[in-house]
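K.L.:
Sequence and computational prediction follow.
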Amino acid sequence: WASFADDVDAILELKRRKNAVILAHNYQTPEIFHCVADIVGDSLALAREATRVDADVIVLAGVHFMAETAKMLNPDKTVLIPDLGAGCSLADSITPDDVRLIRQRHPGLPIITYVNTSAAVKAESDICCTSGNALKIVESFGLPEVIMIPDEYLARNIAAETDVKIIAWKGHCEVHERFTPADVQEMRRNWPGVVVLAHPECPPEVVAEADFSGSTAHMSNYVGDVKPSRVVLLTECSMSDNVAVNHPDVEFVRPCNLCPHMKRITLGNIRSCLENGEHEVVIPADILERARLPVERMLAV
Ligand code: 13P
Ligand code: SF4
């Protein structure tokens, strides 16, 4: 407890001294999410809020692609990530060469790229999307067919909600791909009346068994709006911990999967990141310029 309180106090003081803000994703642990973060949210909210930051330094408590997005939208600010190894299996599933090949194979079709990708992959893309706006982005072209990379399951889950044909890639989230329809059936047996919310990175067979599917922000809003008496969030473990704090009357069933990348961020390395100004997120200028366009197009839709 002493070291926890010491880290929190030190981080709050460092933020003031260095004119820094902490943007934290919904999967960060409660002590980060509730005690030191200035802005919390899903990937879309973090990208939007990054365009409004006034501070000199942004600490991204999340994974590397989120820190890159914050840097693209704030090229003149210092963007720090507490652990450079905080990656993402989706971002690792596709390279810029893959995207160039996809474009050659499907000339004329727009390439919609999930934000869970590197800046270099975004630089080859037409527009970005997040799980919070993917359907809107897909339909924004008014075309019968689009390409959506790299999350196969997100693409198939969105395809089930629209007449637009979606050509997908074969990337998966290592956290959400582990949920199965049998898990959902077992939860319904063991926890009668449980309302099942699934992130759209889950396999389509899992989403089909759920009561609702949406981004981490949409799941959190659902709990606030509907106030189910018993709920399970099929997503990363910290999500339920963070949402439960604000809803003491809702019973959270907690089977979940940990994201090892998100869990690399700790109070200790946020503190040292602010103390030492490391690790700075750097994107080569030519890539940054090209990668920013699809992110800005997404924010304009
Ligand atoms: P959200 O945009 O829904 O927060 O999802 C980000 C993510 O990494 C999910 O695994
Ligand atoms: Fe990537 Fe999945 Fe972790 Fe989200 S939960 S950061 S998609 S590996």
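P.N.:
Arrived safely. All of these numbers come straight from a predicted model, not from anything done at the bench. Ligands and ions are numbered 1, 2, ... in the order given.
K.L.:
and the gap between R156 and P200?
P.N.:
With distances defined as C-beta to C-beta, to the nearest Å, the gap from R156 to P200 amounts to 9 Å. Just so you know, the C-beta spots here come from the backbone N, C-alpha and C atoms, and that holds for glycine as well.
K.L.:
Looks like C88 contacts H261 (just checking).
P.N.:
Yes - with contact defined as C-beta atoms under 8 Å, C88 and H261 form a contacting pair (5.8 Å).
K.L.:
anything in contact with each of these two?
P.N.:
Where contact means C-beta atoms under 8 Å, 6 or more residues apart in numbering, the residues bridging C88 and H261 through contact with each are V63.
K.L.:
who has more neighbours, R156 and P200?
P.N.:
For the pair R156 and P200, the greater number of neighbours falls to P200 (27 against 17), based on other C-beta atoms under 10 Å.
K.L.:
what secondary structure does the more buried one sit in?
P.N.:
Under DSSP: H, G, I helix; E, B strand; the rest coil, the three-state class of P200 is coil.
K.L.:
list the contacts for the residue nearest to I283 when sequence neighbours are not counted?
P.N.:
Distance criterion C-beta to C-beta, 6 or more residues apart in numbering; nearest residue to I283, sequence neighbours excluded, is A119 at 4.9 Å. The contact partners of A119, by C-beta under 8 Å, 6+ apart, come to F65, E68, M72, I283, I287, L288, A291.
K.L.:
Let's see that with 6 Å instead.
P.N.:
The contact partners of A119, by C-beta atoms under 6 Å, 6 or more residues apart in numbering, come to E68, I283, I287, A291.
K.L.:
mind checking pLDDT for the residue nearest the centre of the chain?
P.N.:
With distances taken as C-alpha atoms, centre = their mean, the chain has S43 as the residue nearest its mean C-alpha position (4.0 Å). Listed pLDDT for S43 reads 96.
K.L.:
any idea how far G224 is from the closest residue to it other than its chain neighbours?
P.N.:
Nearest non-adjacent residue to S43, counting by C-beta to C-beta, 6+ apart: T130, 4.5 Å away. When C-beta to C-beta is applied, the distance between T130 and G224 equals 20 Å.
K.L.:
Between the two, which has more neighbouring residues?
P.N.:
The neighbour count for T130 versus G224, taken as other C-beta under 10 Å, is higher for T130 (23 against 12).
K.L.:
If we ignore the residues flanking it in sequence, what's nearest E296?
P.N.:
Distances taken as C-beta to C-beta, 6+ apart put L73 closest to E296, at 7.9 Å, once the chain neighbours are dropped.
K.L.:
what about L288, neighbour count?
P.N.:
Once other C-beta under 10 Å is used to define contacts, L288 is seen to have 17 neighbours.
K.L.:
try E177
P.N.:
18.
K.L.:
Model confidence for it, exactly?
P.N.:
Taken from the predicted model, the pLDDT recorded for E177 is 98.
K.L.:
Which parts of the chain are strands?
P.N.:
All strands of the chain, identified by DSSP state E, fall at 20-25, 39-41, 57-61, 78-80, 111-114, 127-129, 145-149, 165-168, 195-198, 212-213, 230-234, 251-253.
K.L.:
any chance of those in JSON lines, plus mean neighbour count and distance to T266?
P.N.:
Written out in JSON lines, the entries for the strands of the chain read as follows (neighbours: other C-beta atoms under 10 Å; distance: least, C-beta to C-beta, whole Å):
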{"stretch": "strand 20-25", "mean neighbour count": "24", "distance to T266": "12"}
{"stretch": "strand 39-41", "mean neighbour count": "20", "distance to T266": "16"}
{"stretch": "strand 57-61", "mean neighbour count": "27", "distance to T266": "9"}
{"stretch": "strand 78-80", "mean neighbour count": "23", "distance to T266": "14"}
{"stretch": "strand 111-114", "mean neighbour count": "26", "distance to T266": "26"}
{"stretch": "strand 127-129", "mean neighbour count": "26", "distance to T266": "28"}
{"stretch": "strand 145-149", "mean neighbour count": "22", "distance to T266": "31"}
{"stretch": "strand 165-168", "mean neighbour count": "16", "distance to T266": "35"}
{"stretch": "strand 195-198", "mean neighbour count": "24", "distance to T266": "27"}
{"stretch": "strand 212-213", "mean neighbour count": "20", "distance to T266": "30"}
{"stretch": "strand 230-234", "mean neighbour count": "23", "distance to T266": "22"}
{"stretch": "strand 251-253", "mean neighbour count": "17", "distance to T266": "23"}
